[in-house]
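**Q** Below are the sequence and a predicted model; questions follow.
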Amino acid sequence: MKKLMLLAAFAVFGLTSVTAQNFSAGITAGLPVGDFGDFYTFNVGLDLNYMWEVSDSFEAGVASGFNQSFGDEQSFTFLGTTVTSDVEDFQYIPLAAAGRFNASDDFQVGADLGYAIAVGDGDGGFYYRPMVGYNVAENTQITVSYRGISVDGGSFSTVNAGVNFGF
């Protein structure tokens, strides 16, 4: 946990020293779906982005953050005996390339592609995140996204909503 906090501190303090208008941070909440959706209750995350303007309508950059999905309690009954177990939380740090297309002054679509590094005992995998965003203020954006991690034996996916703040 100390290593994770140190990594997060370096990421936040390192990125805040760069040009302010290109950096954004946000929080998300979501629901696990798909292959592992029955084993987790909900997801929370921190998003960090640094973008460069490529043209008037397109930005490219890097994305990272931290996400945690909370494990659910599972019960199985076999021959009249019920066994209950807790699923461990799944935590990961995405490291991705990011692209954003500004469809209008207020509406944005984009995607992140990269690798999700599992924190703890889980496996990492190919990370993808299509998203849409709507600017509600000059430096505030409401986002909706789908996050997926392709791993051996399936994929771990969440549907998320959040808010992003530009600095």
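**A** Sure, I can see it.
**Q** Gly34 is in contact with Ser155, correct?
**A** Yes. In this structure, Ser155 is within contact of Gly34 by C-beta atoms under 8 Å, at 5.9 Å. Quick note: C-beta positions are derived from backbone N, CA and C, even for glycine.
**Q** show me what contacts the residue nearest to Gly30 when sequence neighbours are not counted?
**A** Spatial nearest neighbour of Gly30, excluding adjacent residues (C-beta to C-beta, 6 or more residues apart in numbering): Asn160 at 3.3 Å. Counting by C-beta atoms under 8 Å, 6 or more residues apart in numbering, Asn160 makes contact with 28-30, 43, 45, 143-147.
**Q** any idea what sits nearest Asn139, other than its immediate chain neighbours?
**A** Using C-beta to C-beta, 6+ apart and skipping the chain neighbours, the partner closest in space to Asn139 is Gly166 (4.0 Å).
**Q** pLDDT score for that neighbour?
**A** Gly166 is assigned 94 on the pLDDT scale.
**Q** can you offset everything so residue one is 685?
**A** With the count now opening at 685, the last piece we talked about shows up as Gly850.
**Q** Could you measure from the residue nearest to Gly714 over to Val717?
**A** To Val717, Asn844 is 10 Å away according to C-beta to C-beta, to the nearest Å.
**Q** and what of Asn706?
**A** Distance, Asn706 to Val717, by C-beta to C-beta: 32 Å.
**Q** Please determine how far Leu797 is located from Ser769.
**A** Per C-beta to C-beta, Leu797 is found 34 Å from Ser769.
**Q** How about Thr824?
**A** According to C-beta to C-beta, Thr824 and Ser769 sit 41 Å apart.
**Q** Between those two, which has more neighbouring residues?
**A** Neighbours were counted for Thr824 and for Ser769 using other C-beta atoms under 10 Å; Thr824 has more, 14 against 10.
**Q** How about the more buried one: what's its closest non-neighbour residue?
**A** Excluding its sequence neighbours, the residue lying closest to Thr824 (C-beta to C-beta, 6+ apart) is Phe849, at 5.9 Å.
**Q** my guess is the one you found contacts Glu822, does it?
**A** No. At 10.5 Å, Phe849 does not count as touching Glu822 under the criterion of C-beta under 8 Å.
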